[in-house]
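> next input, structure requested:
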Amino acid sequence: MHAPGQPDDSVRGADASVPDDATLLHRARAGDHGALGALLRRHERRLFNVALGVLGNRADAQDATQDAFVSVVRRLDQFRGDATFGTWVTRIVLNASKDLLRKRQRRPATPFSVLSQDDDGSSAAGTRFAQSRELPPGTHVENQEQHQRLREAVAALDGPFRDVLVLRDLDGMDYADIAETLELPMGTVKSRLFRARLMLREALRLHIAAAPAATPHTA
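Model (predicted):
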């Protein structure tokens, strides 16, 4: 998982002087389709994981990411640089994800699949999220079943709380960028994040309490 504005492996090469977002954006606006493709690939994995955290299943996340990229291409000339490009596209994918939720009347999310390491990076992102030192004690995962349960619990949170949790603990955004993306005061971001972590911890506690007791394995 890459922080906003940082290149991922798809655009990182042996040359350390990889063009930054501003350079690629300038070239893209001048009609350089290669620069536009590199710019979108740089953020694709991260934005897919944001959409996945909001929507709860891969198919919807893919649709939302695709819709967001179409919107980015159409609105490229509208980007004025008031925020970083990474923050701007994150806002777009969040809005695309919420639009999809409304269109599908918040249908129940299908369970997250635990992705393999050679998939699209979501497994690595989920591991980073699960191991975040900022999550409340007791939310670290030890196996794939717990990992899946955690991802499902995140997707089930109320939207305002889910969004800040996904951006901070899954995407790794700093508080300033989250406040800018969601157009909220910094204090609101921090208070929602605190409440979201408590809600997540309680949801997991209730799930564990309701789970049937393990039975010894017999041959």
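
> what about this protein, any weak spots by pLDDT?
Applying pLDDT under 70 to the chain picks out residues 1-17, 105-148, 208, 210-219.

> where do the helices of this protein begin and end?
For the chain, the helices defined by DSSP state H cover 21-29, 33-55, 58-74, 85-103, 122-130, 144-155, 159-165, 175-182, 186-210.

> adding mean neighbour count, write those helices out as JSON lines.
(C-beta placed from N, C-alpha, C; glycine too.) Output for these, formatted as JSON lines (neighbours: other Cβ atoms under 10 Å):
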{"stretch": "helix 21-29", "mean neighbour count": "17"}
{"stretch": "helix 33-55", "mean neighbour count": "22"}
{"stretch": "helix 58-74", "mean neighbour count": "18"}
{"stretch": "helix 85-103", "mean neighbour count": "20"}
{"stretch": "helix 122-130", "mean neighbour count": "20"}
{"stretch": "helix 144-155", "mean neighbour count": "18"}
{"stretch": "helix 159-165", "mean neighbour count": "21"}
{"stretch": "helix 175-182", "mean neighbour count": "20"}
{"stretch": "helix 186-210", "mean neighbour count": "15"}
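
> for V70, give its distance to G53.
Using Cβ to Cβ, to the nearest Å, V70 is found at 21 Å from G53.

> what do you get for R41?
Distance from R41 to G53, by Cβ to Cβ: 20 Å.

> again, but for M173
Distance from M173 to G53, counting by Cβ to Cβ: 12 Å.

> same check on P185?
Distance of P185 to G53, given as Cβ to Cβ: 22 Å.

> next: R74.
R74 sits 25 Å away from G53, going by Cβ to Cβ.

> now swap in P19 and tell me
28 Å.

> do the same with L193
Where G53 is concerned, L193 sits at a distance of 14 Å (Cβ to Cβ).
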